[in-house]
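**Student:** Fold the following and give me the result.
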Amino acid sequence: MISTDGQPKRVGNGIVWMQAFVPVIGAFFAFGTIVVIIINIILLSIDARRLEKAGYDTSGVGTVWLVPVYLYQRAKLLNDGMGYFIVWCVTFGLGLFGFF
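**Tutor:** Predicted coordinates:
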C-alpha cells in the first residue's frame, strides 16, 4: 500500500536479515543445497511480494534465484545500507569454504 503522501510505505527488514543467515543455518543443520535454495526462494519471494504491496517497483531488484543481486538491489532501492547484503556474502563465503 502506498502511503497518503504518495510514497511507498516502509517495509521491515526481518526477512532479509533471516536470509542473510541462511548459509549458516543450512550448514549448522546440514541441509542439502536444494533445501537451502528452496529456503532462499521462499524468503525472497515473500519479501518481494511485501515490497510490491508497499508500493515499490521491484522490476529492478532482480530475480529471487540470485540472492546477492536481489539483496544488493533491494538495499539500493530502499536506501537501507548494505548490512544484510554484506552479512550474506560473508556467511556464504564462510560456508563455501567449510568454516561452519
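
**Student:** Which residues are in contact with the residue most central in space within the chain?
**Tutor:** With distances taken as Cα atoms, centre = their mean, Val16 lies nearest the centre of the chain, 3.8 Å away. For Val16, the contact set (Cβ atoms under 8 Å, 6 or more residues apart in numbering) comprises 43-44, 47, 71, 74, 84. C-beta here means a position set from N, CA and C on the backbone, and glycine is covered the same way.

**Student:** Show me what counts as buried in the helix or strand of the chain with the lowest mean pLDDT.
**Tutor:** When the helices and strands of the chain are scored by mean pLDDT, DSSP states H and E, helix 22-28 comes last with a mean of 85. Residues 22-24, 26-27 are the ones in helix 22-28 that count as buried (16 or more other Cβ atoms under 10 Å).

**Student:** Rebuild these as CSV, extending it with distance to Val64.
**Tutor:** Below are those laid out as CSV (distance: Cβ to Cβ, whole Å):
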residue, distance to Val64
Val22, 12
Pro23, 16
Val24, 19
Gly26, 16
Ala27, 21
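
**Student:** distance of Leu94 from Asn79?
**Tutor:** Noted for Leu94: a distance of 28 Å to Asn79, by Cβ to Cβ, to the nearest Å.

**Student:** Looking at those two now, which is surrounded by more residues?
**Tutor:** Leu94 (14 against 6; other Cβ atoms under 10 Å).

**Student:** Can I get the strand or helix carrying Ala48 as CSV, trimmed to CA atoms?
**Tutor:** Ala48 belongs to helix 33-53 when elements are defined using DSSP states H and E. The C-alpha trace of helix 33-53 is given here as CSV (Å, rounded to 0.1, in the frame of the first residue of the first chain):
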residue,chain,number,x,y,z
THR,A,33,22.0,-27.5,-1.2
ILE,A,34,18.5,-28.0,-2.6
VAL,A,35,16.9,-27.2,0.7
VAL,A,36,18.9,-24.0,1.1
ILE,A,37,17.9,-22.9,-2.4
ILE,A,38,14.3,-23.6,-1.6
ILE,A,39,14.6,-21.6,1.7
ASN,A,40,16.2,-18.7,-0.3
ILE,A,41,13.4,-18.7,-2.9
ILE,A,42,10.7,-18.8,-0.3
LEU,A,43,12.1,-16.0,1.9
LEU,A,44,12.9,-13.7,-1.0
SER,A,45,9.6,-14.3,-2.8
ILE,A,46,7.8,-13.3,0.4
ASP,A,47,10.0,-10.2,0.7
ALA,A,48,9.4,-9.2,-3.0
ARG,A,49,5.6,-9.5,-2.5
ARG,A,50,5.8,-7.3,0.6
LEU,A,51,7.8,-4.7,-1.3
GLU,A,52,5.2,-4.7,-4.1
LYS,A,53,2.3,-4.4,-1.7
